[in-house]
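**Q** just the structure for this:
(3 chains)
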Amino acid sequence: MSRRDDQATGRAGVRRTVTRTLVVLAGMFAFAFALVPLYDVFCDLTGLNGKTSARAQPLVEQEVDASRMVTVQFITRGSQGLPWHLEVNTRQIRLHPGQREEVFFTFRNNGDATTLARAVPSVSPSAASLHLRKLTCFCFQEQQLAAGETLKAPLVFQLTRDLPADIKTVTLVYTLYPVQSAQAEVARRESITEGDSA
Amino acid sequence: MRRLLVWMAVGVMLSALTPIALANGWNMPVGVTALSRDIYSLHMIIFWICVVIGVIVFGAMFYSLFRYRHSRGAKAATFHEHTSVEVIWTAIPLLILVAMAVPATATLKTMYDASEADLDVMVTGQQWRWRYDYLGEDVAFTSNLSTSREQISGTSEKGENYLLEVDEPLVLPVGQKVRLLLTSDDVIHSWWVPDLAVKQDAVPGFVNENWVRIDEPGIYRGQCAELCGRNHGFMPVVVEAVEPERFEEWMAKRKEAAQQEAMSADREWSLEELMARGEQTYGAVCAACHQPDGGGSPPAFPALAGNQALLEEPERHINVVIDGVAGSAMPAFRNTLSPVEIAAVVTYERNAWGNDAGDTVQPSEIAERLAAQGE
Amino acid sequence: MASHLPPKPTPQHSTTTAGGMAESGHARPRGLMRWLLTTNHKEIGTLYLLFSLTMFFIGGIFALVVRAELFQPGLQLVQPEFFNQMTTMHGLIMVFGAIMPAFVGLANWMVPLQIGAPDMALPRLNNFSFWLLPVAFLLLLSTLLMPGGGPNFGWTFYAPLSTTYAPPSTSFFILSLHLAGISSILGAINIIATILNLRAPGMRMMDMPLFVWTWLITAFLLIAVMPVLAGVITMMLMDINFGTSFFNAAGGGDPVLFQHLFWFFGHPEVYIMILPAFGIVSAIIPTFSRKRLFGYASMVYATAAIAILSFMVWAHHMFIVGLPLVAELFFMYTTMLIAVPTGVKVFNWVATMFRGSISFEPPMLFALAFVVQFTVGGFSGLMLAIAPADFQYHDTYFVVAHFHYVLVPGALFAILAGAYYWLPKWTGHYPSVRLSQWHFWLSVIGVNLTFFPMHFSGLAGMPRRIPDYALQFADFNLVSSLGGFLFGASQLLFVLVIIKCVRGGEKAPAKAWEGAEDLEWSVPSPAPLHTFETPPTFQPREH
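**A** Model (predicted):
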């Protein structure tokens, strides 16, 4: 093979290699973003992180497992910068797996303006989140309350019978977070970094 | 061959020295829980496995370096592969690893079983303090670094528990299974006490759990283990483990004190009283960020001294202390400070370092306001 | 062995200068423009190496600020805000500015020489990917002067500390990381294209020197994970500036997702920083043992196995973040598995020395120190793999000791070994033996004084990234700081060695080391600007 031929095949080879690596590159960049929804799917499947479904799930019609009791605790948390109060009518209940239960949460806006907030749920132990079915929950959407307004909202849920036997206490935590439009968020950050507020 | 033996003997002697080193705070603490002892023994097993492999590999290497020196006229052999030897040294480590994985798996399973706890404590990380809620007990408080700034800057002698001491420790009963629920108000923190072998991340918006059953009464110290900003190094954890009876007493006393504090909110406080109390609270809770002289460290932490917005808008000032500021290090103090403390610290901030609002904020105002808000 | 033909400049290369060789026609740029516009793999390799050395000293100064503050308990020199910026910048600069560009520089110089290629496959791209780096790092360093300071959230920049709670300069930090990432990606494409297409006739894949093999695998890792880093920092940028909530729990995001994404990049990244080191050491040990590398094929397979495993172990950095039990077990087992191919490599190096004819020239000293100290880092890595024990080790100085053992007496020593090994080829002179030995021994003593006590302080309970510590850690930190300054100062000797070696010294023949076998030793020392214009005929050694 002459040198010229050699170079020609070499150059074609380089072009082929570069094209292929660029395809892989684009694929991996897209993959990184695809990992975000994939992660959520993964969390739903494995209960990773104690995330609960963001949509209402139907009740599973099943016989109540009267042979064991599970304690369900409810914890509400506020968060900084949100003059809201969230309260639950009972701190903990005892129930049988398979049973449908209802508890009430009360939201109250103590501020002097209408604001939006979202209660972000988390379940511990995280393995329990696979067996927690929420039929109705205020956490599926944002809440809007006018100044001084109060809202009573139910959480209707079921712990299915297949809840692992070693889980005897399930803790549901709801943290209230302010919801802001993207523009408000940027403006707020700028005002903080300028350091002009108390 | 004789050299090899000599080197192996040196290796064995060196490793015999390690127990001495281990006794002097050079090693992982054995700790005071069944799990911490399990973890310690796993740590020592894998350590000794590494030592043995190290002695063999480095032994063979240094033997070759001495024995086959070019300067001694060594002639190089020509072999460059040997399938059965290569298979053996792939297979043996694999077997060792399997042997190691078995006890590690068992320990891990125990660690993950937080069920049937006698007591639940919620641990919340905040920049830069820990907050403890005894669930179902109406007892909650924050635990702040109590080492003085003078000790840190070196103008006074450092105490024995320098940086590992807090104003109010987490008190736990010994012999009982305590479930810890961990979360955070701002960034990720990590709650760690080496003697309890508990280290768990506190992630904002999510709840993790871990558990501990302490065998011996005592004071156990640890620190935040996840970089959480400026004062990451100044966020200790102190656990005081006491007998269950003493724990009950402590709990009763804590509740009584809280009640008295609540009652003291009803009376009228003078400016001097509020300033004195406020200075105390400010020093424990606010000074880490806003600085003892109120100068802050902008842009992250605004100055309070000479802050016009603060002086002109007392309402807003109170709101910021009660509700915090979203997306910043300023937490909501509505649940962690009493009405008296909130009133005192706001009054202090309005009248210290040349600020001259001259007004007082009365504890009763704050108490009423919080009551109306359902706190 | 390959026959060497004198280089002949061809019109194809007329845009580059021909280092003193006569070349007619075009006017060659001189001075600064020559370096700015060069497309020659050797000149670009030199640029990369000099850039890396500069960054090594800048990152080193940041490390010394950290060590000086930690010299004794209390806050003496810097405030915590600045301390956090120093630890962060030290990590970022050493990883992305010193170690990675050093390997790319060595690849630029040596890969074409080792496979008998006239240059890199894409010379102009090569120039571009280098010049992105100074821009990226000037931008990164300039954030230190911006209001609120530079990045202060650790080189792992966990959200939300690096998003919601980050200083205003974070967007610039992200931009600079994007630039450095693009540079790495382009460099990797170039290396892959060169290795796959420009090998000398007759050289099969399994004939390539291990440095070429390890770099090929490294380049594939870069292609696979740098886009993921780009993705994750883009998400950060969007969270900061456009109100999205990828990592913000308040908006339905998840801070732990950040860690999954980061470590999906980050774990292969740490192998990116060690695989080429394996290649360098696998060249040096046979040379100075005067014996062929033991288990060439198993070395290649072990490297590939490590690379594949690196995609399956990322969550071992997250054992205490609250993963479910099944995930903890999976990542513990896969992590332990890495010990097997890594062990094979160490055993092969020892078997290469066994019954060899060993001499201790400076490159060999560094390579031997690499083997021992990297193995120490491997041992602590194995300990860290045991998930229950990691609950105690995690985020302590034990981890700091571990990864510094792998990266400083590991990767960095391999780079130094490579520099000593190839300096005769680059400059035509042997480096001064006496100075090199001083450099070696002071470095070994310094590095172990610095990092060995960190095992103890970590086990005793000292967390990472703290500017001040409890009194029981004082002795360990004192020793570490003294060691750190010794190590830092002794690196000045390396600069002296290089300067002296460029200026003069004992002349090196084409084959500078008696036992050296690869193709680069068939071209004259110093290697002329253009080599292998006509491909050499490669005679594979019989297996």
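
**Q** wait, is A:Val103 part of a helix?
**A** No: under DSSP: H, G, I helix; E, B strand; the rest coil, A:Val103 sits outside any helix and is assigned strand.

**Q** what's across from it in the sheet?
**A** Note on A:Val103: beta-bridge partners by DSSP bridges are A:Leu155.

**Q** if I look at it, how far off is A:Asn89?
**A** 6 Å (Cβ to Cβ, to the nearest Å). All C-beta spots, glycine's among them, are computed from the backbone N, C-alpha and C.

**Q** show me where pLDDT drops low in the stretch 351-500 of chain C?
**A** Scanning the stretch 351-500 of chain C for pLDDT under 70 picks out nothing.

**Q** look up how far chain A lies from the residue in it that chain B sits nearest to.
**A** At 3.2 Å from chain B, C:Ile466 is the closest residue in the stretch 351-500 of chain C, using Cβ to the nearest Cβ. Here C:Ile466 is placed at a distance of 25 Å from chain A (Cβ to the nearest Cβ, to the nearest Å).

**Q** which residues of chain B score low on pLDDT?
**A** Across chain B, residues meeting the criterion (pLDDT under 70) sit at B:1-24, B:327, B:374-375.

**Q** quick revisit: the closest residue to the residue of the stretch 351-500 of chain C closest to chain B other than its chain neighbours: how many residues sit nearby?
**A** Spatial nearest neighbour of C:Ile466, excluding adjacent residues (Cβ to Cβ, 6 or more residues apart in numbering or on different chains): B:Gly233 at 3.2 Å. Other residues within reach of B:Gly233, judged by other Cβ atoms under 10 Å in any protein chain shown, total 27.

**Q** residue contacts, B:Gly233?
**A** Under the criterion of Cβ atoms under 8 Å, 6 or more residues apart in numbering or on different chains, the neighbours of B:Gly233 are B:Leu163, B:Gln223, C:Pro80, C:Pro463, C:Arg465, C:Ile466, C:Pro467, C:Asp468, C:Tyr469.

**Q** before we move on, what about C:Tyr393?
**A** C:Met383, C:Leu384, C:Val399, C:Gly458, C:Leu459.

**Q** hmm, try it at 10 Å
**A** For C:Tyr393, the residues meeting the contact criterion (Cβ atoms under 10 Å, 6 or more residues apart in numbering or on different chains) are B:28, B:39, B:43, B:199, C:319-320, C:380, C:383-384, C:386, C:399, C:401-402, C:455, C:458-459.

**Q** what is the mean pLDDT for stretch C:181-195?
**A** With pLDDT averaged residue by residue, stretch C:181-195 scores 96.

**Q** anything in that stretch near chain A?
**A** Yes: contact of stretch C:181-195 with chain A (Cβ under 10 Å from any Cβ of the partner chain) involves C:Ile185, C:Ala188, C:Ile189, C:Asn190, C:Ile192, C:Ala193, C:Thr194, C:Ile195.

**Q** filter those residues down to the ones in helices?
**A** Secondary structure assignment (DSSP state H) places C:Ile185, C:Ala188, C:Ile189, C:Asn190, C:Ile192, C:Ala193, C:Thr194, C:Ile195 from these within helices.

**Q** what's the local residue count around residue 169?
**A** Let's take chain A. As a burial measure, A:Thr169 scores 19 neighbours (other Cβ under 10 Å).

**Q** oops, chain B please
**A** Around B:Pro169 sit 21 other residues, with neighbours defined as other Cβ under 10 Å.

**Q** for it, which non-adjacent residue is closest in space?
**A** Going by Cβ to Cβ, 6+ apart, B:Pro169 has B:Val238 as its nearest residue, at 3.9 Å.

**Q** what number of residues lie near the one you found?
**A** The local packing count at B:Val238 equals 23, with neighbours defined by other Cβ under 10 Å.

**Q** what of the one 10 residues further on?
**A** A count of nearby residues for B:Glu248, using other Cβ under 10 Å, gives 12.

**Q** and if you look at the one 4 residues further on?
**A** The number of residues packed near B:Ala252 is 10, by other Cβ under 10 Å.

**Q** check C:Val523 too.
**A** For C:Val523, the tally of surrounding residues (other Cβ under 10 Å) stands at 23.

**Q** coming back round to it: nearest to C:Tyr158, of the contacts of C:Tyr393?
**A** The shortest separation between C:Tyr158 and any of these is 12.8 Å, and it belongs to C:Ile320 (by Cβ to Cβ).

**Q** my read: the closest one touches B:Lys199, true?
**A** Yes: between C:Ile320 and B:Lys199 there is a contact at 5.2 Å, judged by Cβ atoms under 10 Å.

**Q** overlap in contacts of the two?
**A** When contacts are counted by Cβ under 10 Å, 6+ apart, the set common to C:Ile320 and B:Lys199 consists of B:Ser190, B:Trp191, B:Trp192, B:Asn210, B:Ala225, B:Glu226, C:Asp390, C:Phe391, C:Gln392, C:Tyr393, C:His394, C:Asp395.

**Q** how about stretch C:167-180: buried residues?
**A** Of the residues in stretch C:167-180, those scored as buried under the neighbour-count criterion (16 or more other Cβ atoms under 10 Å in any protein chain shown) are C:167-170, C:172-180.
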